[in-house]
Every structure is written in structure tokens, then in C-alpha cells.
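Peer 1: What shape does this take:
(one chain, ligands or ions: 2)
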Amino acid sequence: MRAVRLEGFQGPSSLRLRDLEDPQPAPDQVLVAVRAAGVCYHDLMASYGHFPRTRIPVTMGHEIAGEILAAGSGVTHLAPGDRVASVQGAGCGACRFCRRGREPLCRQGVGFFGEGIDGGFADLVALPARGFSRLPASILYEAGAILACAIGTAWHALKAKARVASGETVVITGAGGGVGIHAVQLAKAAGAQVVAVTGSPQKEGAIRAAGADHVVVARGGDFSPQVREVSGQQGVQVALEIVGAETFPWTLRCLEPGGRLVFVGNVTGKPVELKPAVVILKDLEISGATNTTRQELEEVIALVAEGRVRPQVAAAFPLEQLPEALERLQRDRPLGRLVVRPNGGVLARAA
Ligand SMILES: [Zn+2]
Ligand SMILES: [Zn+2]
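Peer 2: Ligands and ions are numbered 1, 2, ... in the order given. You can find the predicted model right below:
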């Protein structure tokens, strides 16, 4: 099978297309013919060595959609022929986090796909079945490949962490990115008013079309006066910080007393300055949102199947063009998410 391997930490130029032995599923694993895999900003950062757990060489790719070719003897909820989509990693299934349905916090399983275990930028993957859910025929594989990290992350942040309620106002930074454009849709689906912040004036129309009530175009500098103006001066109840240090000081200023801010993105990886007095006196909640749980993936699958959220795939590349896809992500900040489509080799072999 073909796989694109990360073999160094010099960015996309460290990726190489290789021919590898076909993987074999362990008893708890499924063998999946990958039809599409999401290309995430995380992959770009990983290619520069930003994450200590990335071992090389490795096949990255932590959002996978495809078809099950074989299932290990211990797999009960999936079978060969099933169309599936993955979450970003898999827990052990037995620890206190896994037992409470918070498997992204598990430190005893295989962890994040494409980090310590090979992920989806390949024709085939063998990964724990507990990282996959069934994908209905109505959802295309390209869309299936962005349900976990692009849409599920936004869902986890809005629902589990921000607890957004109907009638509240939500400010979303990085609103034109892969997570942001879906956060806009999900917040609207939850009945919230959405103030979207973007650095790209050319994305304003698309963000509005995704459901944003207001779009604030901000390139550096304090955007909180504009957010306050459109939200009736009192500030917003919920903020999703999808950019990170670059926008955090202004995002924090958008909150009304008692507001909730959730860190979702961390584009530059830089630290932020935070005055405890602001958090104390305004009685704020500041939290972080990590990966999607299987339960949340299944909720997202239902939302997409019902047409309440439309997955935004910016472009699809052949597997071997993963380096070009990552360069495009770095250069253009495309609207929505990019995917790669492995499959050529596997389809030929199956036929
Ligand atoms: Zn991701
Ligand atoms: Zn566990």
C-alpha cells in the first residue's frame, strides 16, 4: 500500500510517498480502506516538530473515512463492508476516563492517530475499532473525513465546554477556518446569535452564508469594540478562541460578566497573558476543548445526516499531493477544510 510518511521535522518537505507492507488488524482493530482523510493545521504543526509525541517516521492523518475490509476477532460493533468515520484517536477502553466516555483524555491507549500509531494518509490503516463509527450512505467520504476534527471539535467546545444555550451570543475567532466555519453553523443550530471574527475579508460572504449574524473583519488589533457594538454593548456570553494568543486579549474583552471562553485553536503556539483579577472580578470561566468523543462523533453524524450542518470541504487532493495540500493550508488559509483521497491503489487491487 502507499503511505505518505513524515520522515523529518522540516515541514511539508519532510513528507515522502512510500510503498509499505499492508497492515494487519489486531483483535481489537479494523482494517480500513481509506477513501478520504482530513488535512488539519495540527498536521502542519506536527511536520515542524511542534508535538513531542510525534515519532518519525510516521503516517499522519487523524480524521479518516473509508470502508472496512477486515475486522479483528474482538470487534463487535463494525463489520467488513461498513462505511466508517473516525474520531482523532482511541483510548484503552478500560481506564477511568474511558469508562466515563472521556476517552480523549486516556493516556493508556494508542492515543492520537498519526502520532504514535500510523494514521490515515495511506491507502490502508489498521486502528482500534473503538475509534470508528458507522457513516450513513448519505454522507460522502470527503465529508466523513472532516466530521471529527473540524466539526466534532467545534461541537465538543460549544456543547460540552461552553454549554451554549438558545438565545445566547457567541463570538467565534478564526471563523473562516476548518473548525470555525462549522462552529458558526453549530452555534446557529443551537439557537445562538453568532458574531464571527475573521482576518480574511474575502471570507466574509461565506461566513455569513454559514449563518453568522455579524461578521467582524479584524487584522490584528482590538476587535472587541466592534463585537460589543453588534451585540448590544453588554458583551457576549460565550467565546470560542480558535486562533490563540494572537486574538485572545481581544476575545477576552468581548465577554460579559459570567461569560465562558473556550480555547480551541493555538495557531502560533505562543503563550498568553492573563490577569487573574479580570477572571475573578468578572466571574469568568476559561476552559479548553480537546478531541471529539465517539458519542460526540455520532451526534455530529446525526446533525449532518439531518442537514443541520453542512460539511465544508475546501478542496480534495490525491494522496501523493499531501505536501501541496499542507503548503496551501499554510499559505492560503482556505475556507473550510482540505482532504486527501487515497484509494487509487486499493480500488485497483479490490477490482
Ligand atoms: Zn485535527
Ligand atoms: Zn483509557
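
Peer 1: CA atoms for contacts and neighbours, from now on please.
Peer 2: Noted.

Peer 1: Residue 292 against residue 101, yeah?
Peer 2: No - counting by CA atoms under 8 Å, residue 101 is not a contact partner of residue 292; they are 10.4 Å apart.

Peer 1: Of those two, which one has the most company?
Peer 2: With neighbours defined as other CA atoms under 10 Å, residue 292 and residue 101 compare such that residue 292 has more, 28 against 16.

Peer 1: Could you verify that the more buried one is part of a helix?
Peer 2: No - Residue 292 is assigned coil when assessed by DSSP: H, G, I helix; E, B strand; the rest coil, not a helix.

Peer 1: Ramachandran angles for it?
Peer 2: phi -80, psi 140 (degrees, to the nearest 10).

Peer 1: Please give me every residue in contact with it.
Peer 2: Residue 292 makes contact with 87, 88, 104, 148, 149, 152, 153, 156, according to CA atoms under 8 Å, 6 or more residues apart in numbering.

Peer 1: Return the subset of those lying in strands.
Peer 2: Nothing among these maps onto strands, per DSSP state E.

Peer 1: restrict these to contacts with ligand 2.
Peer 2: For ligand 2, no contacts are drawn from the contacts of residue 292 by CA under 5 Å from the ion.

Peer 1: ok, the residues you listed vs residue 300, which is closest?
Peer 2: Lowest distance from residue 300 to the contacts of residue 292 (CA to CA) belongs to residue 152, with 6.4 Å.

Peer 1: okay, now residue 2: neighbour count?
Peer 2: For residue 2, using other CA under 10 Å, the count is 21.

Peer 1: Got the phi and psi for the residue lying closest to it once chain neighbours are set aside?
Peer 2: Among residues not flanking residue 2 along the chain, residue 19 sits closest, at 4.7 Å (CA to CA, 6 or more residues apart in numbering). As for residue 19, its main-chain torsions (degrees, to the nearest 10) stand at phi -100, psi 120.

Peer 1: likewise residue 284?
Peer 2: Torsion angles, degrees, to the nearest 10, at residue 284: phi -90, psi 160.

Peer 1: Am I right that it is in contact with residue 258?
Peer 2: Yes - the pair formed by residue 284 and residue 258 meets the contact definition of CA under 8 Å, at 4.9 Å.

Peer 1: Of these two, give the one with the bigger neighbour count.
Peer 2: Applying other CA under 10 Å to residue 284 and residue 258 shows that residue 284 carries more neighbours, namely 19 against 16.

Peer 1: what's that one in contact with, if anything?
Peer 2: Contacts of residue 284 (CA under 8 Å, 6+ apart): 257, 258, 259, 260, 261, 278.

Peer 1: could those go into JSON lines alongside secondary structure, pLDDT and distance to ligand 1?
Peer 2: Shown next, in JSON lines, are the contacts of residue 284 (DSSP: H, G, I helix; E, B strand; the rest coil; pLDDT from 0 to 100; distance: CA to the ion, whole Å):
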{"residue": "257", "secondary structure": "strand", "pLDDT": "97", "distance to ligand 1": "32"}
{"residue": "258", "secondary structure": "strand", "pLDDT": "97", "distance to ligand 1": "30"}
{"residue": "259", "secondary structure": "strand", "pLDDT": "98", "distance to ligand 1": "27"}
{"residue": "260", "secondary structure": "strand", "pLDDT": "98", "distance to ligand 1": "23"}
{"residue": "261", "secondary structure": "strand", "pLDDT": "98", "distance to ligand 1": "20"}
{"residue": "278", "secondary structure": "helix", "pLDDT": "96", "distance to ligand 1": "31"}
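
Peer 1: What is the nearest of the residues you listed to ligand 2?
Peer 2: residue 261 (27.3 Å; CA to the ion).
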